[in-house]
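Asker: sequence first, predicted coordinates after that:
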Number of protein chains: 2
Amino acid sequence: MKGLVYVYTGNGKGKTTAAIGSAIRAMGHGKRAVIIQFLKKGEYGEKKSSFLEIYQFGREQFVVKPTEIDYKLAEEALKFAADILKQRPFLLVLDEVNVAVSMGLIGVDDVIELVKNRDETNIILTGRNAPHEFIELADLVTDMRKIKHPFDGGTEAREGLEY
Amino acid sequence: MKGLVYVYTGNGKGKTTAAIGSAIRAMGHGKRAVIIQFLKKGEYGEKKSSFLEIYQFGREQFVVKPTEIDYKLAEEALKFAADILKQRPFLLVLDEVNVAVSMGLIGVDDVIELVKNRDETNIILTGRNAPHEFIELADLVTDMRKIKHPFDGGTEAREGLEY
């Protein structure tokens, strides 16, 4: 049975956490889930948790204008994802890959090629600004729209909730 | 510091999984997260996983027209939530509580009262049709909008992904 492709996009909170929750759900059924994070590096709660298989390819700084290292890391992440895919996990999460593509760090076609080679592996693509090619290819797309966000009111990010 | 209130609503996939992911993130930082599920009972992946503290108050059947037992279970869930809240976990998830309220199983005011007594506990309320009182009270609201869903194309729910 061909794996499904999910896209979680939009400007609201919940994209990465929904992908993490999906990984936990899969693992609860005894299946392997692998999370690869683009553009992120740091002691996020999901990284510190001992039960997730999670790999980070990013810098600790937030990327505004990409530099050579950002291109290199994104390419490494994609190559690593292709290697993991060969092991046929039940679920492969490419966290923030939509952003990596929309910033031009990796090509949309490279991701599409990877996704088309998924066989039975289910794939979740997260991040704002999902390219329309991903939307067309996906079986499921949720647009996570911000109605309210505490940062709007000046509240600072809280450990355990925002990261 | 007063806890934050998050609402995940909308007709798209990702509400419950985002709440589960938030619990994992909090736990990764060594904090306690408790998930209470309204209207659900069954071997969902999140229930089978050994690392979440999760309690279910529902029937295995999907509730279309509520009966006496559904009112009773929802009331029990709310009472249990109030007891857990006294233990001051970092995060308390009331999964599908929006649906329980919109079906009239419990009163919106009862939930509001609970939420107002949260002190430092962060609370996540999930489910479609969040009442406007929850939206007003919340610090963060994400509307998870369905753009595409595999069931639309006749695909059946898959273990590890949909439950």
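Answerer: Everything's here; your move. Numbers count the residues shown, from 1 in each chain, chains lettered A, B, ... in the order given.

Asker: drop to CA atoms for contacts and neighbour counts, all remaining ones
Answerer: OK.

Asker: helix, strand or coil for A:Glu133?
Answerer: Taking DSSP: H, G, I helix; E, B strand; the rest coil as the rule, one finds A:Glu133 in the helix state.

Asker: so A:Thr142, which of the three states?
Answerer: Assigned state for A:Thr142: strand (three-state reduction, three-state DSSP).

Asker: what is the neighbour count of it?
Answerer: Using other CA atoms under 10 Å in any protein chain shown, the number of residues around A:Thr142 comes to 25.

Asker: how much space between it and chain B?
Answerer: 5 Å (CA to the nearest CA, to the nearest Å).

Asker: any idea what that residue is bridged to?
Answerer: Assessed by DSSP bridges, A:Thr142 has beta-bridge partners A:Tyr8, B:Lys146.

Asker: thinking it is in contact with B:Lys148, fair?
Answerer: Yes: at 7.0 Å, A:Thr142 and B:Lys148 qualify as touching, with contact defined as CA atoms under 8 Å.

Asker: quick one: low-confidence parts of chain A?
Answerer: A:153 (pLDDT under 70).

Asker: max-length helix in chain A?
Answerer: Using DSSP state H, we find that the single longest helix of chain A is helix A:68-86.

Asker: pull the CA atoms of the very next helix or strand once past it into CSV?
Answerer: The first helix or strand that comes after helix A:68-86 along the chain, using DSSP states H and E, is strand A:91-95. Taking C-alpha atoms only, strand A:91-95 is exported to CSV below (Å, rounded to 0.1, in the frame of the first residue of the first chain):
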residue,chain,number,x,y,z
LEU,A,91,6.5,7.6,8.9
LEU,A,92,9.1,10.2,7.8
VAL,A,93,8.6,13.8,8.9
LEU,A,94,10.4,16.5,7.0
ASP,A,95,9.9,19.3,9.4
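
Asker: what about A:Thr16, which SS state?
Answerer: A:Thr16 - assigned by three-state DSSP - is helix.

Asker: so what pairs up with the residue nearest to the spatial centre of chain A in the strands?
Answerer: Centroid-nearest residue in chain A: A:Asp95, 1.0 Å away (criterion: CA atoms, centre = their mean). Residues in a beta bridge with A:Asp95, per DSSP bridges, are A:Gln37.

Asker: that one contacts A:Arg128, correct?
Answerer: No: if you go by CA under 8 Å, A:Asp95 and A:Arg128 don't touch, sitting 10.5 Å apart.

Asker: what residues do those two have in common as contacts?
Answerer: Common contact partners of A:Asp95 and A:Arg128 (CA atoms under 8 Å, 6 or more residues apart in numbering or on different chains): none.
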